[in-house]
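S.K.: Build me a structure from this.
(one chain, ligands or ions: 1)
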Amino acid sequence: MTSKTNGVYDRTPLIAGNWKMNLDHQQAVTLVQKLTWILTDADHDFEKVEVAVFPPFTDLRSVQTLVAGDRLPLVYGAQDVSAEDSGAFTGEISAQFLSKLGCRYVLVGHSERRTLHGEDDAVSHRKLTAALRHGLTPVLCVGEGLDVRQDGHHVEHTLAQLRGALDGLSTEQVTDMVVAYEPVWAIGTGEVAGPDDAQQMCAALRTDVASRYGEEAAVGLRLLYGGSVKSSNAASILREKDVDGLLVGGASLDEAEFASIVRFEHHLLTD
Ligand SMILES: O=C[C@H](O)COP(=O)(O)O
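M.R.: Below is the predicted model:
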């Protein structure tokens, strides 16, 4: 049984900051330095609660140089990846390049890719497999729009996205993946799904993975919630049994606010 209050977890919590199209490479270096200072000063245990940032592509080399040069304890990833490995794909970035830049993670199927660039589950599947081919851990984003939520079909809709993206992957490939539940109506709107909503969906996602890929894959799978997360609501969402972390957008652009989210346990103790 997961314990969220005595320091023992079934899975290492992951607090991930998706910067979206914000911060140039110089601002990226400043934010990563300040974030690390704040967390180090607060004696944050990075092994116990993992911290990841997802800067724009153009920042990754600078972040790599800083993290490797100063041996910083946080990790980083990219916000998107090409489904192809190399070739005539103008503007695309391959998983191989990201791997070479020291990325651990890559976002796949973020709702902004789906709505603004027409990416569907088949594209997510191809991107997932490209990431896995090059040793990256995909963070697959799934979640329903407001119309689907209002119709009451949000669970079926989100499970269909999960199945569409994972279809054909092996148990081994699914184990250790990360899936982020991000209800589209809660992204950047200030509307937050309640802790119960996050738990209901994360439990449904884990059960579905267990039924298709086995208990081991389901136990290893880390499930994040994303959508208007702030330091004031992070702890209550992370209290839920099946929520293993957070994918934070806007609030990750402020180092003090993001550090406060990372230190959610502090809020659990002081709430
Ligand atoms: O990837 C992050 C999500 O889109 C959430 O963004 P937000 O925290 O600004 O609502």
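
S.K.: and the gap between G91 and the ligand?
M.R.: 21 Å (Cβ to the nearest ligand atom, to the nearest Å). Every C-beta, even on glycine, is put in place using the N, C-alpha and C of the backbone.

S.K.: And L169, by the same measure?
M.R.: In terms of Cβ to the nearest ligand atom, L169 sits 23 Å off from the ligand.

S.K.: A122 too?
M.R.: 22 Å.

S.K.: what does the stretch 51-200 of the chain put close to the ligand?
M.R.: 110, 182, 187-188 (Cβ under 6 Å from any ligand atom).

S.K.: Where do the helices of the stretch 1-150 of the chain begin and end?
M.R.: 25-41, 60-69, 95-100, 111-117, 121-133, 146-151 (DSSP state H, counting those that start in this stretch).

S.K.: so which of those helices gets nearest V178?
M.R.: helix 121-133 (11.0 Å; Cβ to Cβ).

S.K.: which parts of that closest one are buried?
M.R.: Neighbour counts using 16 or more other Cβ atoms under 10 Å place 121, 123-132 of helix 121-133 among the buried residues.

S.K.: coming back round to it: Serialize the helices of the stretch 1-150 of the chain to CSV and add fields for mean pLDDT.
M.R.: Formatted as CSV, the helices of the stretch 1-150 of the chain follow (pLDDT from 0 to 100):
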stretch, mean pLDDT
helix 25-41, 98
helix 60-69, 98
helix 95-100, 98
helix 111-117, 96
helix 121-133, 97
helix 146-151, 92
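
S.K.: shouldn't Q79 be in contact with G109?
M.R.: No. Assessed by Cβ atoms under 8 Å, Q79 is found out of contact with G109, at 11.3 Å.

S.K.: who's more crowded, those two?
M.R.: Between Q79 and G109, G109 has the larger neighbour count (other Cβ atoms under 10 Å), namely 28 against 22.

S.K.: The more buried one: what's its closest spatial neighbour, skipping adjacent residues?
M.R.: Leaving aside its sequence neighbours, G109 sits nearest to S124 (Cβ to Cβ, 6 or more residues apart in numbering; 3.8 Å).
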